[in-house]
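Participant: Prediction below, plus the sequence it came from.
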Amino acid sequence: MSILSLQNIYKKYGNANDFAVNDISFNVTEGEILALVGESGSGKTTLLRLIAGLEHPDQGIISLSGQVIVEGKKTVPAHTRKVGMVFQDYALFPHLTILENVKFGIQKVKGNPETIAKDTLKLVGLKEDHNKYPHQLSGGQQQRVALARAIAPNPKILLMDEPFSNLDAMLKDQVREEIRQIIKKTGITAIFVTHDTKDALSTADRIAILHKGFLQQIDIPKVLYENPINPYVANFFGKRNEILATPSEDGFYTTFGFVSDPEAKKFKSKVKLLFRPEHGEVVQRKGQQLSGKIVKVSYFGSHQLVKISDDEGFRVTIRTNPGRVFDEAESAFFYLWKYDIEEAF
Ligand SMILES: Nc1ncnc2c1ncn2[C@@H]1O[C@H](COP(=O)(O)OP(=O)(O)OP(=O)(O)O)[C@@H](O)[C@H]1O
């Protein structure tokens, strides 16, 4: 069931030429975690602020829990929307204890604030730290306090602005998982903004990708990664290799060799074969479809990236497992098990 609905939302700031948010519509299902991703200036924060009630759109309708909260000039003020917000810098009160920080926002809710605050801190795994001050906690723990403070009033929806950006790489993986588990345990619907594709792919149930204020695609991570709707979305989720190819009756001729593919006959002129590094495989035996010279091998612990060049110096990158041993300058044979085909010109 949909809990939040945005219909044709437009927002332009002052006398800017372009809309920061341009005709955006989507629904969010109850209990789901949605990531808003896009590069800097794509409109992610503006969209989050429109939902929170911190900005008002020029046009469009927003409904929350079946109630229209924004339409034309009508607006339900931010403080009565029952929206929880976690800010990028956590915005904890430094002179209040953890418990006091969480109690702060629940003075007016039903029940005993002390009990609710303690229960919520327990939920986020901080039941031992009630009397500590924010500076006595790690970044990940501070973030859980901010999360506890936002969910303690039992909001209809939780909004988080770049929740993982202040954490170092080691902590990030752990915190992503913790935050996802807490959110799922409470069953709350959450929307978070990030510019990091890893955050989005690993934490969200669905991802909405924005570019210059326009919604490009909204879907589950696997679909965005494997079946991007356009080149922008495809490249946003990581580099793709491009091989120029000439179609024939039964395949494509490329400078790396022949790719057998019955689809080729549908194309009249040159195409690009587009594939991610993990969609190719380096094989040891000769006689495979494609070949080239290894020009570089980069080791990353969990995997290696092998750069293979054709006779003209054109390169592709293929991901392999970390245990394989390759010599630079040796011949490599590879095949593509998945690729997209696009008209080249
Ligand atoms: N308060 C404001 N006044 C004027 N223009 C603004 C304001 N806030 C955002 N903008 C503009 O609106 C557009 C979208 O900005 P927004 O902050 O929503 O993007 P973003 O995707 O969240 O970017 P970032 O990742 O850098 O925070 C940008 O062109 C930005 O310059």
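Facilitator: Looks like it came in fine.
Participant: Excluding covalently adjacent residues, which one is nearest to the residue most central in space within the chain?
Facilitator: Nearest to the geometric centre of the chain sits residue 200, at 2.5 Å (CA atoms, centre = their mean). Nearest residue to residue 200 in three dimensions, chain neighbours excluded: residue 35, at 3.8 Å (CB to CB, 6 or more residues apart in numbering). From N, CA and C alone the C-beta is placed, and that goes for glycine too.
Participant: dump the residue contacts of the one you found.
Facilitator: 191-194, 199-200, 203-204, 206-208 (CB atoms under 8 Å, 6 or more residues apart in numbering).
Participant: how about a cut-off of 10 Å?
Facilitator: 44, 160, 190-194, 196-197, 199-209, 218, 221, 224 (CB atoms under 10 Å, 6 or more residues apart in numbering).
Participant: Same check on residue 174?
Facilitator: So residue 174 contacts 140, 167 (CB under 10 Å, 6+ apart).
Participant: So what's the predicted local confidence for it?
Facilitator: As predicted, residue 174 sits at a pLDDT of 83.
Participant: helix or strand for it, which one?
Facilitator: helix 169-186 (DSSP states H and E).
Participant: Buried residues, that helix. List them.
Facilitator: 172, 175-176, 178-180, 182-183, 186 (16 or more other CB atoms under 10 Å).
Participant: ok, and what's touching the helix or strand encompassing residue 306?
Facilitator: Using DSSP H and E, residue 306 sits in strand 304-309. With contacts defined as CB under 10 Å, 6+ apart, strand 304-309 is touched by 239, 241, 255-256, 277-278, 280, 282, 290-299, 314-326, 328, 331-334.
Participant: Strands of the stretch 101-250 of the chain, start to end?
Facilitator: Remark: strands assigned in the stretch 101-250 of the chain by DSSP state E, counting those that start in this stretch are 157-161, 189-194, 206-211, 214-219, 241-247.
Participant: need those in TSV with mean neighbour count and mean pLDDT, can you?
Facilitator: Below are those laid out as TSV (neighbours: other CB atoms under 10 Å; pLDDT from 0 to 100):
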stretch	mean neighbour count	mean pLDDT
strand 157-161	22	95
strand 189-194	25	96
strand 206-211	23	98
strand 214-219	19	98
strand 241-247	19	95
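Participant: now these as CSV including distance to residue 136?
Facilitator: Listed next are the strands of the stretch 101-250 of the chain as CSV, based on distance: least, CB to CB, whole Å:
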stretch, distance to residue 136
strand 157-161, 23
strand 189-194, 26
strand 206-211, 35
strand 214-219, 40
strand 241-247, 49
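Participant: Any idea which of these gets closest to residue 23?
Facilitator: Distance to residue 23, taken as CB to CB, is lowest for strand 214-219 among those, at 7.3 Å.
Participant: What residues does the protein have near the ligand?
Facilitator: Taking CB under 6 Å from any ligand atom as the contact definition, the chain meets the ligand at 13-14, 16, 20, 38, 40-46, 195.
Participant: Turn the residues you listed into CSV, including secondary structure and neighbour count.
Facilitator: Putting those into CSV (DSSP: H, G, I helix; E, B strand; the rest coil; neighbours: other CB atoms under 10 Å) gives the following:
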residue, secondary structure, neighbour count
13, coil, 12
14, coil, 4
16, coil, 9
20, coil, 24
38, coil, 25
40, coil, 7
41, coil, 14
42, coil, 24
43, coil, 25
44, helix, 26
45, helix, 19
46, helix, 25
195, coil, 16
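Participant: so who does residue 111 touch?
Facilitator: Residues near residue 111 by CB under 10 Å, 6+ apart: 119, 154.
Participant: From the ligand, how far out is it?
Facilitator: 35 Å (CB to the nearest ligand atom, to the nearest Å).
Participant: Let me know the pLDDT of that residue.
Facilitator: Confidence score, pLDDT, at residue 111: 79.
Participant: any weak-confidence spans in the stretch 201-345 of the chain?
Facilitator: 286-288 (pLDDT under 70).
Participant: repeat that with 50
Facilitator: Within the stretch 201-345 of the chain, no range satisfies pLDDT under 50.
Participant: Show me the helices in the stretch 1-150 of the chain, by range?
Facilitator: Using DSSP state H, counting those that start in this stretch, the helices of the stretch 1-150 of the chain run over residues 44-52, 98-104, 113-123, 139-151.
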